[in-house]
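K.L.:
give me a 3D structure for the following:
(2 chains)
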Amino acid sequence: MDFYLPIAEVSVNAPLLVALGAAVGFVSGLFGIGGGFLMTPVLVFLGIPPVVAVASEANHVAASSMSSVIAYGRRRAVDFRMGGVLAAGGAVGSFLGVEIFRWLRLLGQADLVVSLSYLIFLGVIGGLMLSESVGAILRRRRGEPPRARRDRRPLWLYGLPLKMRFPRSRLYISVIPPVALGVFVGVLSAIMGVGGGFILVPAMVYLLRMPAGVVVGTSLFQIIITTSLTSVLQAGRNQTVDIVLATLLLIGGVLGAQLGAKASARFRAEELRALLGLIVLLMGLQMGLGLFVTPDEPFVMMQGAG
Amino acid sequence: MAADLPPAGPPAAPPPALAAPSVSAALTETQVRVTSSFSGARIVLYGAVLDPADRPSDVVVIVRGPDQPIRMARKTRVAGLWINSRPVVFQGAPGFYMAASTRPLETIAGFGTLRRLGAGIDHLAINAPMEQRIETRYGVRDVVVSRLGADYLDWRRAVVRLKENAGLYDTDSTGVRFVDKDLFRAEIDLPAEAPIGAYTAEILLFQNGEPVHRRMRSLTVEKAGAERALYLFAHRRPWFYGLATVIIALGAGWAASVAFRRS
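P.N.:
The predicted structure follows:
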């Protein structure tokens, strides 16, 4: 059953998109990430103009994240105050990111920056997660005790001014690191068409030293705010959000997210991290290595005449 | 540069004859409605050659979509990476172009005639005005020089190739078929990616290598029904549209979560 998308102006197979939405939603619920880094490249591959894919995907991420964050909220696994601080930075970041993206498109270098961002960020984060979690799995298999968590918190978190209490995370830290993290993730989400969960989750664990229990829920909460804002901004400024595309994706997405959240209880945390690390790493390599391969077609047509 | 000649002017007046040959044609559809189930359209063009003298005739049908500037870049290797060059904007390329004829165009008429008529993809006046400057060379004034230099032809071929791959450009040297003595038929295949806007179908009658008569038919491709409503909503009230999409997304997420909790 083919559907003509009113904004993307291409015809797509509706059941395929719903199934894709469900698959990515499942991954999203399983790992507590938005899943944009998987979906955006797939949409582009299916022939949807990249600007529309990036903008509509933000909407799909918002829906899947909403679907799973409620469950986390009931378990009191969301630090709303931390999420709000991160989102404040994220809002600034998405404004900046939309402008940077426009400028890059004008120069014709948006493709390059997107591919390089995927290669660098997904590659590094995926690699780190994979090696860390595989190490943890091996230690458990050998019966060694898990490496003692260093409770000594880094000085730079405590030396900065503007301290704030985050009771749910049991933290009393400066707001500057979370705001800066939010800005950074906001910029990336506008450029790469992702929610930024794959950066937020490890950053909250390793940089902010938040308790593992609240990390995923808080990340989802922040993602909802940032991606909702990005959706409205993209629709308002660029008219690039395709409501039909987003709806097809989110029908599958919200259901998949529920199933994923249920399935996540069956796995150990480090196994999940290893799997996610592997997916992230492969996606980064897939996107980035294209830069090194001699293209079949040396010419590319670009969207819009700017 | 040959490809930079001015676009086709009106064809030469038919040579005076006692009974001037003429051509007449009609499209089975003059309005293509793009709705949510749109996956391309096939339009049939029927026509007849009216020539009392019964001279051998060739018919060429040229369908053009709305002109769209094209922005293109070329990948070049820099330090091991394939990087896009500076984008180049091309003008004069129609968003859709189909040339169908009774036999290959170059056997119907000479190069000059085809160039003047803009008949055939090779004769489209695709150029990059922002790369051009006018200067005096060897004492000749107003020479058009393109900054793309000798690569210009590579770029132009790439424009055509990419459009052909998308099903938007087509040359069919047997696309016009005589189904009866003077009655001919041609098919226009519009892909789902065909741009929205006003199209023209030009029907040219050739005799003896010269265009003797021309008919124009028009065709519009427009969004209809829900597609049109959504498109207008997105463009006329973009901020409300954005809010609506977010409300749908958050609502669906919430609803799924509630539904799964109960089950």
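K.L.:
what packs against the helix or strand that contains A:A87?
P.N.:
Element membership of A:A87, judged by DSSP states H and E, is helix A:80-107. On a contact count with 3 or more C-beta pairs under 8 Å, 6 or more residues apart in numbering or on different chains; DSSP states H and E, helix A:80-107 meets helix A:110-117, strand A:163-166, helix A:176-192, helix A:212-233. C-beta coordinates here come from the backbone N, C-alpha and C atoms, glycine included.
K.L.:
can you do 10 Å?
P.N.:
helix A:50-74, helix A:110-117, strand A:163-166, strand A:171-174, helix A:176-192, helix A:197-202, helix A:212-233, strand B:70-78 (3 or more C-beta pairs under 10 Å, 6 or more residues apart in numbering or on different chains; DSSP states H and E).
K.L.:
nearest to chain B: which residue in the stretch 101-250 of chain A?
P.N.:
Nearest residue of the stretch 101-250 of chain A to chain B: A:A235, at 2.9 Å (C-beta to the nearest C-beta).
K.L.:
check the secondary structure at the residue lying closest to that residue once chain neighbours are set aside for me.
P.N.:
Spatial nearest neighbour of A:A235, chain neighbours left out: B:G242 (2.9 Å); criterion: C-beta to C-beta, 6 or more residues apart in numbering or on different chains. Following DSSP: H, G, I helix; E, B strand; the rest coil, B:G242 is assigned to helix.
K.L.:
my guess is B:G242 meets B:A234, correct?
P.N.:
Yes: at 8.7 Å, B:G242 and B:A234 qualify as touching, with contact defined as C-beta atoms under 10 Å.
K.L.:
for those two, indicate the residue with more neighbours.
P.N.:
Taking neighbours as other C-beta atoms under 10 Å in any protein chain shown, B:G242 and B:A234 compare with B:G242 leading, 26 against 22.
K.L.:
list the contacts for the more buried one?
P.N.:
Shown in contact with B:G242 (C-beta atoms under 10 Å, 6 or more residues apart in numbering or on different chains): A:55, A:59, A:228-237, A:239, A:241, A:243, B:234.
K.L.:
show me which of these are buried.
P.N.:
Neighbour-count burial (16 or more other C-beta atoms under 10 Å in any protein chain shown) applied to those gives A:55, A:59, A:228-236, A:239, A:241, A:243, B:234.
K.L.:
show me which of these is closest to A:I7.
P.N.:
If you rank the buried ones among the contacts of B:G242 by distance to A:I7 using C-beta to C-beta, B:A234 comes first, at 5.9 Å.
K.L.:
what strand or helix carries that closest one?
P.N.:
Per DSSP H and E: helix B:225-236 holds B:A234.
K.L.:
report all helices and strands that that helix contacts.
P.N.:
Helices and strands touching helix B:225-236, by 3+ C-beta pairs under 10 Å, 6+ apart, are strand A:2-4, helix A:243-264, strand B:31-34, strand B:210-223, helix B:238-262.
K.L.:
which one of the ones you listed lies closest to B:P21?
P.N.:
Of all the helices and strands packed on helix B:225-236, it is strand B:210-223 that lies closest to B:P21, at 5.4 Å by C-beta to C-beta.
K.L.:
the closest one near chain A at all?
P.N.:
Yes: under the criterion of C-beta under 10 Å from any C-beta of the partner chain, strand B:210-223 makes contact with chain A via B:K223.
K.L.:
direction included, what does that strand pair up with?
P.N.:
strand B:31-34 (parallel), strand B:197-207 (antiparallel) (DSSP bridges).
K.L.:
keeping just the C-alphas, turn that strand into CSV.
P.N.:
Extracted in CSV, the C-alpha atoms of strand B:210-223 (Å, rounded to 0.1, in the frame of the first residue of the first chain):
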residue,chain,number,x,y,z
GLU,B,210,11.3,20.9,-41.4
PRO,B,211,8.7,21.6,-38.7
VAL,B,212,5.6,22.4,-40.6
HIS,B,213,3.0,22.7,-37.8
ARG,B,214,2.9,22.8,-34.1
ARG,B,215,0.2,22.3,-31.4
MET,B,216,0.5,23.1,-27.7
ARG,B,217,-1.5,21.3,-25.1
SER,B,218,-1.4,22.0,-21.4
LEU,B,219,-1.5,19.7,-18.4
THR,B,220,-1.5,20.5,-14.7
VAL,B,221,-0.2,18.4,-11.9
GLU,B,222,-1.7,19.5,-8.6
LYS,B,223,-2.2,18.2,-5.1
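K.L.:
now do that strand against helix B:225-236, angle only.
P.N.:
Strand B:210-223 and helix B:225-236 are oriented at 80 degrees to each other (axes from the mean of the first three to the mean of the last three C-alpha atoms, to 10 degrees).
K.L.:
low pLDDT regions in the chain?
P.N.:
Going with chain A. Residue ranges of chain A with pLDDT under 70: A:146-161, A:303-306.
K.L.:
sorry, should have said chain B
P.N.:
B:1-19, B:133, B:135, B:137, B:142, B:144-145, B:262-263.
K.L.:
quick one, domains of it?
P.N.:
What the record gives for chain B is the domain set B:2-223, B:225-263, from automatic domain parsing.
K.L.:
for those, which one sits closest to A:G143?
P.N.:
It's domain B:225-263; of the domains of chain B, that one is closest to A:G143 (C-beta to C-beta) at 38.1 Å.
K.L.:
now the closest one: buried residues?
P.N.:
B:227-228, B:230-231, B:234, B:238, B:241-246, B:248-250, B:252-254, B:256-257, B:260.
K.L.:
try stretch B:121-131
P.N.:
Using 16+ other C-beta under 10 Å as the test for burial, stretch B:121-131 gives B:I121, B:D122, B:H123, B:L124, B:I126, B:N127, B:A128, B:E131.
K.L.:
format the residues you listed as JSON lines; extra columns: distance to chain A and secondary structure.
P.N.:
What follows is the buried residues of stretch B:121-131, written out as JSON lines (distance: C-beta to the nearest C-beta, whole Å; DSSP: H, G, I helix; E, B strand; the rest coil):
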{"residue": "B:I121", "distance to chain A": "16", "secondary structure": "helix"}
{"residue": "B:D122", "distance to chain A": "18", "secondary structure": "helix"}
{"residue": "B:H123", "distance to chain A": "21", "secondary structure": "helix"}
{"residue": "B:L124", "distance to chain A": "16", "secondary structure": "coil"}
{"residue": "B:I126", "distance to chain A": "13", "secondary structure": "coil"}
{"residue": "B:N127", "distance to chain A": "14", "secondary structure": "strand"}
{"residue": "B:A128", "distance to chain A": "12", "secondary structure": "coil"}
{"residue": "B:E131", "distance to chain A": "14", "secondary structure": "helix"}
